[in-house]
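# Here is the input, now give the coordinates:
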Amino acid sequence: ITMLGSINCSGSSPNRSRRHHKRRREGCNNSFLRCALFCAYIFSPSHNQMSTSSSILSSLITVSDAFMQPLPTNPCRSVYSRQNHNILQVATEPNVDTFNRSTFEKMTVKELKSFMTENNILIPRGEASNLKLKKQIVDFVWNHVSNNDEPPSTSITSSPPDKAAPPTSSNTSPKTNAKKKRSVGMRMPPLPESPKSNNNDNNNNSHSTYVLTPKDRIVLEVLDRYPPLHEAIVDACSIDSVLSEGITVDNIEHCELNSLTYNVPPGMGENDMRHEYHPMLANSTQTDMDVVFVGTASCTPGVTRGVSCTAIRLNWRNNREFDQVMNGGERKKYNSQEQQQRASSTGGTWLFDCGESTQLSVQKTSSIKPGKISKIFITHCHGDHSFGLPGLLCLMGTDRNRDDPPVEIYAPEGLRMWLRVAIRYSVSRVVPPYRVHELMDVPMAPEWEEGHRRNGRFYYQLKSDGRRGMKWGMNGLAGEDSSSWISRAPMVNLEPNKDFGEIHGGQDIYPVYNHPKSSDGAPVWEVLDDGGVSVYAAPMSHGVPCLGYVVQEDDRPGRLMPENVLPVIEKNRKGLVEAGVRNPMKLMALVKNLPVGGSYTFPDGTVLNQEDVVEPPGKGRKVVICGDTADCRALEGLAQDCDVLIHEATNTFLPGVDKEGTLRLVTRDAKIHGHSTPFMAGDFAKRVGAKRLVLNHFSARYKGDQSIESLTIMTRMERQAMKACELPENAVACAWDFMVLPVPRN
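Residues are numbered from 1 along each chain as shown. The predicted structure is shown next:
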């Protein structure tokens, strides 16, 4: 007995880890059980005398080893001891009488795999690749169970050699099948499943109604929205019902998209299938103003997304048409210098932010021509918004003449010297002529406070979350942190040089604190007035000085209604000629340009009022581009009734995709890092009455391709924003690289 009791107790030290102590306890339990079996055998009625035969001893050890063989837990065939809290498992085979095929068909894939593990059902070598779909797994398990003709045994025996797993120690779990090779195709993100129906049918062979899970519903919605993706997945599927009918409510339970390999639909930019099928773009038409999303990721560029860069194309056909639209049909005359200046300012492409690898992204799409970029606006200094600027200027220089109008660059203070140093250090003489206009004294939001180390790093204060009326600073970061680059840049002795592109004329633009459209006491910058289009800026809530921009088109004069003017002119033609009007038809332009409330009296006494012959003026379009922010309240006055709101949504919480955390914790973490979620973006869109909301600046973990994985996640993020802003699905979108969004006239 002493010998048997020490079989599994050796090798454990009192100083080992908790795991080893657990093994020691399990070994002692096994040894005590061996001793009990030995005593029961020796002192049984049929054995009145103790036997010392070595064969009896070895057989007892064999029996006890078989009894303590670690078998998978199966509640249906286990005996639970309340005293020692051990599950004494009985080596049995699955009872065929308690299972039928419908039982396995009602199980999920996870439950089927768990059943296979519990019952030691091993997958033969080379067969794992054939068990991708649920139907295939059900067939395999049912064939295994139904082919087992042996009656269930309740005796303490060792498992048959062809059924049992290889023996393992008591502290290790039995291995199932070999490591599976991951498929090349995209993988569906797991979503929480709704509870299955527990109603027991009298007829076990009848199929119960399949309950759609949240994952199934979103997948069906995405496949219904994008037919090319649906066709690609159907072509890769081997289920007969899917091949004939497509993926429907009736057969989606058999489609395992997690392990399905398929070809993602090709296309980039305007050839992307989302341009044709996404609700926001499905019925859009080309206009003279549109937004191109060159990069939609945050932090670092990836395979499917570039970092922040958004372009607004002002597609004015020519200066003459622009003048006729904005000046009531008459073309103004300009001298040569003014004409050259208007050539650079009228129309063209305006970039907002220029993150790393922007020069590569603009070459991947035909929507952006480097030579037509006339203005660049930077929201803040972080690398994913500014690192691409020197490289882009070098690319633009290869497509422009040296005598072309300069590129106008607008950014928070400090960028002028930073760009000058970068170009001079790299000896980049290929850059085109450019000017840098700095927006001065950009303050930190009042909820951001400098850390106790006073090293220029600011931290979001959760105690100030949601509080309004807190006083914004007036000195900018230069006044709050004397060691920052913004404070030190003016001390650098490096003058501009035309050989390296920079020309004189860059302005310092200071904020206005009593601006009519100021919100929450925040300042407003009047960045530029470009003859029909104005740009304003306001500070954002971020870890560094950051700006959000508002592009506001001027209201267009109303259209003249000639049917109300021509009859009166014809009636008074003779009188007008006698009065000295050589060409009476020129009165059309005169009547159109009447001030609001004005009138014109003809020779016969007919009076034409301005409101009777001119339609009401057309409201100008407004596009709002928020920088990185945890709160856009400073833009609220400027952004009211905007046509397009472009708001960041760096992160969110998606049940089933995110295994840890909650929406509240993710929102808290986003604010601490100066970022937003789709719910926060939707809330701001609702406050300003935005007509359309576009989310961008996504975390690197959110792909931007056309795979089912990416589209389901983006659709769920759109649903979150829609819930907050109460806009329809054709007014909310998650941007992808090279998405082109027309901005129609009001």
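
# Please point out which parts of stretch 269-286 sit buried.
In terms of neighbour count (16 or more other C-beta atoms under 10 Å), stretch 269-286 has its buried residues at 269, 272, 273, 274, 275, 278, 280, 281, 284. Heads up, the C-betas are built off the backbone N, CA and C, glycines and all.

# Report the two of those separated the most.
Spatial extent of those (C-beta to C-beta) is set by the pair 269 and 280 at 16.1 Å.

# quick one: low-confidence parts of the chain?
1-99, 125-126, 129, 148-209, 316-347, 452-456, 466-469, 478-480 (pLDDT under 70).

# next structured bit after the host helix or strand of residue 349?
Using DSSP states H and E, residue 349 maps to strand 348-352. Sequence order places helix 358-361 as the next helix or strand after strand 348-352, per DSSP H and E.

# What helices and strands are in contact with that next one?
Under the contact definition 3 or more C-beta pairs under 8 Å, 6 or more residues apart in numbering; DSSP states H and E, helix 358-361 sits against strand 289-295, helix 389-397.

# Deepest in the core, which of those is it.
Highest mean neighbour count among the helices and strands packed on helix 358-361 (mean count of other C-beta atoms under 10 Å): strand 289-295, with a mean of 24.

# How far does it sit from its chain's centre?
17 Å (C-alpha atoms, centre = their mean, to the nearest Å).

# Can you show me the CA trace of that strand as CSV?
The C-alpha coordinates for strand 289-295 follow below in CSV (Å, rounded to 0.1, in the frame of the first residue of the first chain):
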residue,chain,number,x,y,z
MET,A,289,-18.3,70.2,-56.2
ASP,A,290,-17.4,66.8,-54.7
VAL,A,291,-15.4,65.3,-51.9
VAL,A,292,-12.7,62.6,-52.5
PHE,A,293,-11.5,60.6,-49.6
VAL,A,294,-7.9,59.9,-50.4
GLY,A,295,-7.0,58.3,-47.0
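
# partners of the strand holding residue 349, with directions?
Here strand 348-352 is paired, per DSSP bridges, with strand 309-314 (antiparallel), strand 373-377 (parallel).

# got the angle for the last one vs helix 389-397?
Calculated by axes from the mean of the first three to the mean of the last three C-alpha atoms, to 10 degrees, strand 373-377 forms an angle of 170 degrees with helix 389-397.

# Now the helix or strand following strand 373-377: buried residues?
Downstream of strand 373-377, the next assigned helix or strand under DSSP H and E is helix 383-386. Going by neighbour count (16+ other C-beta under 10 Å), the buried part of helix 383-386 is 384, 385, 386.

# before we move on, the earlier item: got JSON lines for the helices and strands packed on helix 358-361, with distance to residue 351 too?
Below are those laid out as JSON lines (distance: least, C-beta to C-beta, whole Å):
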{"stretch": "strand 289-295", "distance to residue 351": "8"}
{"stretch": "helix 389-397", "distance to residue 351": "8"}
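
# what about the strands in the stretch 351-500 of the chain?
Along the stretch 351-500 of the chain, counting by DSSP state E, counting those that start in this stretch, strands occupy 373-377, 407-412, 434-439, 448-450, 458-460.

# Need the three-state assignment for residue 536.
Following DSSP: H, G, I helix; E, B strand; the rest coil, residue 536 is assigned to strand.

# Is the closest residue to it other than its chain neighbours in a helix, a strand, or coil?
For residue 536, ignoring the flanking residues on the chain, the nearest one in space by C-beta to C-beta, 6 or more residues apart in numbering is residue 550 at 4.6 Å. Three-state call for residue 550 (three-state DSSP): strand.

# If you count contacts, what does the strand or helix carrying residue 221 end up packed against?
Assigned by DSSP H and E, residue 221 falls within helix 214-225. Packing partners of helix 214-225 (3+ C-beta pairs under 8 Å, 6+ apart): helix 227-236, helix 708-725.

# Pipe those into a markdown table and attach mean neighbour count per row.
As requested, the helices and strands packed on helix 214-225 are exported to a markdown table (neighbours: other C-beta atoms under 10 Å):
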| stretch | mean neighbour count |
| --- | --- |
| helix 227-236 | 17 |
| helix 708-725 | 22 |
